[in-house]
Structures are given as structure tokens and as C-alpha cells.
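# Predicted coordinates and the sequence they were generated for:
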Amino acid sequence: MDFSWTPDQIQKREAMIELGASLSDGVAVADRDGLFDRSKWDRMAASGVLGSFVPEEWGGSGDDVLTAVAMLEGLGYGCRDNGLTRAINGQMWAVQEPILNLGTEEQKRRYLPGLVSGELIGAHAMTEPESGSDTFSMTTEAARHDEGYVLNGTKTLVGMAPVSDVALVYAKTAPERGRWGISAFIVETNRPGVVKRGPFEKMGLRTVPIGDLTFEDYLVPDSALLGREGAGASIFTDSMEWERSFIFSCHVGSMARQFDETVKYAKTRRQFGQRIGKFQSVSNRIADMRLRLETSRLLLYHCAWLKSNDEKALLESALANLHLAESFVANSLDAIRVHGGRGYLSEYEIERDLRDALGGVIYSGTSDIQRGLIAGLSGL
Ligand SMILES: Cc1cc2nc3c(=O)[nH]c(=O)nc-3n(C[C@H](O)[C@H](O)[C@H](O)COP(=O)(O)OP(=O)(O)OC[C@H]3O[C@@H](n4cnc5c(N)ncnc54)[C@H](O)[C@@H]3O)c2cc1C
């Protein structure tokens, strides 16, 4: 495994840090008011980051996954808006990747260029009110019809649902076959038959909306089926491997920025006649933060290296997801402690990271679910 970055990757990461910084204005107000700024989405999309690992024929730049991860880490470092960067990752890994991997030529032509350019916003709709961790217990159904399928059911807690144009939706096409009777559909969400609810008030990631998608006798054509009928569970499992691996790519950059700022503060803030970084309680915290940051990077890069080499990352993706999610929470808490009272005040934009980080121990499978996966893949 080669851990060195090429000059091209370094240059792309630097460019993303710069872009990220330019997108950081006004985040505190947007966070307070729970506002999504479409113009920031468009500016970020114009950089080409959404299409970094998408081939040129579908509007991307055809880079490998490692390069995409380097760019996203840079974006996360520069951009203080964790909601925006989380939404970008959600679209890239949970919507674009499955379409790229399993879509027909027609589906790729219809959706990928628009998603990559940012013109279309994509959502990944799996969770239901009564089906969360137990994903395959879903009740949304897609009944066979002369002209395609009739979709009925509600997906909830769906990131970007209120502003989405297209969603990857999982539904039962043969309820009697359990998990083998689930299919995946690419659904256009701005048509009659789709009801959007939201944005819902939430604790963190407040700059991007989350909501419901309800389908009421919504007719989707055969051409909306992703992969074959009944392949939904394996599509979801495969797609989750990508999502778990890379959904935190930007957050690793956020952790790096948070770390640098915390070290800087520990070197300048003085109490009892000396810099607070001289107190071992503070320096130990800095060491722990560094360890979590570096181990997060290694796990992320390992997944990127495996995927760049077309290898499976079932265990590695669960390890990365669990460690990155929990590390971002732990480091955000430590950053607040080191900054003392200032860390607690919204004005200094330290506390927001903790609120944003907490969602990560729930989405893409809770930390408990990741632990269960890891234990299972370890022979238990
Ligand atoms: C910020 C955010 C963004 C999200 N984005 C999306 C999205 O874009 N698309 C989407 O479809 N969903 C999304 N979700 C939903 C998310 O995937 C679910 O909330 C998550 O899978 C947990 O489901 P649940 O909320 O129903 O909790 P439950 O499954 O009811 O879990 C409740 C508790 O029980 C524990 N538990 C449940 N089963 C087990 C088990 N087998 N072993 C051990 N513990 C268990 C859980 O770990 C948790 O602590 C998002 C959620 C959040 C918070």
C-alpha cells in the first residue's frame, strides 16, 4: 500500500481547501436558522468534486477513489459547514455510486450528468418510521402494474429529501420473499404522487434539510428499476459498503482543522502564568485527539485503496464508519474542553462541530450496528 499522494492529488486537495474556506461565510447564521443555501451547493458542484470519481462520459473527471477522498478531506478542512459537506458525501456515495455501478446506459445518461453538475440533488431513501436499523422490515411496496410499478409508503429521515430531484428508493416488489423480494428504484421526486415533508428541526447538520418522502400510488416506469427485480437487498448491502467507507471523508478534514485550531488555542491561551498546553491534562487531550485523527485517516485511506483496486471492504468499511463517527464526537468534545467557556459559546463556532458530529453515530447504520457487523465478520 502506497501512502504518498501524487502532486496532482495534493494540488486538488489544496484547491478544495481554498474553495471550502470561501464557502464558510455565514455558516453560524445558517446553522441558527436552519437554512440550506443552494448557491453554496452550486458553487461547490462547479468545482467538479461531485464528479471526481465519475467517468468523463457521464460528466465527471474520471479520477480514482483515493483522489476523490483527498479532495473531500481538503473540502472538509476548508469548509466549516459540516451539513453541506455531509450532503455532498451522501449524494456521491449513496446515490451516484449505485447508479454508476448498476445503472443502465439510459439511467446513467439521464441522471449522472445532472447529479455531477449539481443541477440535480439526489437522496437515498431507505429508513421508514417503523424500519430503521432493521432495514429489510420495510413496508413500502412497489406493486406490479401494466406500465411499471405503483409505489406506496413513507421513507423518513431522508437527507436532502425536501430539496431533492431524484431519490434511490427501496421497496418490496414481492413481500412474501422477505429480503429477496426488495427492489431498488431511481425515483423522480418532483412529480404528483410524491409528497415531501420537512425540513425537520434537528440538533446538528442544520444547514441542510432532512425530511420524509411519501409515495401515494406513484407510478414508476420499468426503466426506473435499478438492477434487476429482487436485487434490492444486495444493492443496498453493496451501496452501504461505499457509504460506510466514505461518508465521513469531509469530516476527517473537519477533524484536522478542529485539531489545528485546538493546538493553536492551547499554545496561546494562558492561565496560572503559563500556556494551557503546558498542563498535562490539556496536552494529553491533544495527544488523544491526534491519535483519533490519524487512525481515522488510515482507516479511510485503507478503504479508498481497497476500492481503487476493485476489492471488497465489508469489514474495513464498518471499522472506518464506527471509528470515524465516534472519533469526530470525541474530538469535538475535547475541542470544547480545551477551549473552556469559549468552546461552549456559539459565537466561537467550536460547539457546532459536536452537534454536527453526533448524527454520525446514527446514520449509515448506528455505532451499535457497526459493532454487530464487525463482531459478525470476526467470526462471532
Ligand atoms: C442526520 C441523519 C441523517 C440521516 N440520513 C438518512 C438518509 O439520507 N436516508 C435514510 O434512509 N436514512 C437516514 N437516516 C436515518 C438513519 O439511517 C436511521 O436513523 C438509523 O438507521 C437508525 O434507525 P432508527 O432511527 O429507526 O433507530 P432504531 O433502529 O430504532 O435504533 C434505536 C436504538 O436501538 C439500537 N439497535 C437497533 N437494532 C439493534 C441491533 N440489532 N443491535 C444493537 N442495537 C440495535 C440502535 O443502535 C439505537 O441505539 C439519517 C439519520 C440521521 C440522524
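Received, thanks. Since the model is a prediction, treat every value here as computed from it, not as a measurement.
# Which single residue of this structure ends up nearest the ligand?
G132 (1.7 Å; C-beta to the nearest ligand atom). For the C-beta atoms, the positions are set from N, CA and C on the backbone; glycine is no exception.
# which residues touch that residue?
Applying C-beta atoms under 8 Å, 6 or more residues apart in numbering to G132 gives no contacts.
# heads up, I number from 429, so please use that
Renumbered: residue one is now 429, and that last one reads G560.
# can you pull the pLDDT of it?
Here, the pLDDT recorded for G560 equals 97.
# Then I445?
Note for I445: predicted pLDDT of 98.
# Give me the neighbour count for E533.
9 (other C-beta atoms under 10 Å).
# Output stretch 694-714 as CSV, nothing but the C-alphas.
What follows is the C-alpha trace of stretch 694-714 in CSV, where atoms were taken according to Å, rounded to 0.1, in the frame of the first residue of the first chain:
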residue,chain,number,x,y,z
ALA,A,694,-3.6,25.6,23.7
LYS,A,695,-0.4,27.4,22.7
THR,A,696,-1.8,30.9,23.1
ARG,A,697,-4.3,30.8,26.0
ARG,A,698,-2.6,31.5,29.3
GLN,A,699,-3.8,30.6,32.8
PHE,A,700,-1.8,30.4,36.1
GLY,A,701,1.0,32.3,34.3
GLN,A,702,1.6,29.7,31.5
ARG,A,703,0.2,28.4,28.3
ILE,A,704,-2.6,25.9,29.0
GLY,A,705,-0.9,23.4,26.6
LYS,A,706,1.8,23.0,29.3
PHE,A,707,-0.8,21.4,31.6
GLN,A,708,-0.6,17.7,31.1
SER,A,709,-4.4,17.3,31.3
VAL,A,710,-4.6,19.5,28.2
SER,A,711,-1.7,18.1,26.3
ASN,A,712,-2.9,14.5,26.9
ARG,A,713,-6.2,15.6,25.4
ILE,A,714,-4.4,16.9,22.4
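# Which residues belonging to that stretch are considered buried?
The neighbour-count criterion (16 or more other C-beta atoms under 10 Å) identifies 694, 704-705, 710, 713-714 as the buried residues of stretch 694-714.
# Which residues of this protein lie near the ligand?
Near the ligand, the residues belonging to the chain are 518, 552-555, 560-561, 585-587, 633, 638, 787, 790-791, 793-794, 796-797, 800 when assessed by C-beta under 6 Å from any ligand atom.
# Go again with 5 Å.
Proximity of the chain to the ligand (C-beta under 5 Å from any ligand atom) is limited to residues 552, 554-555, 560-561, 585-587, 787, 790-791, 794, 796.
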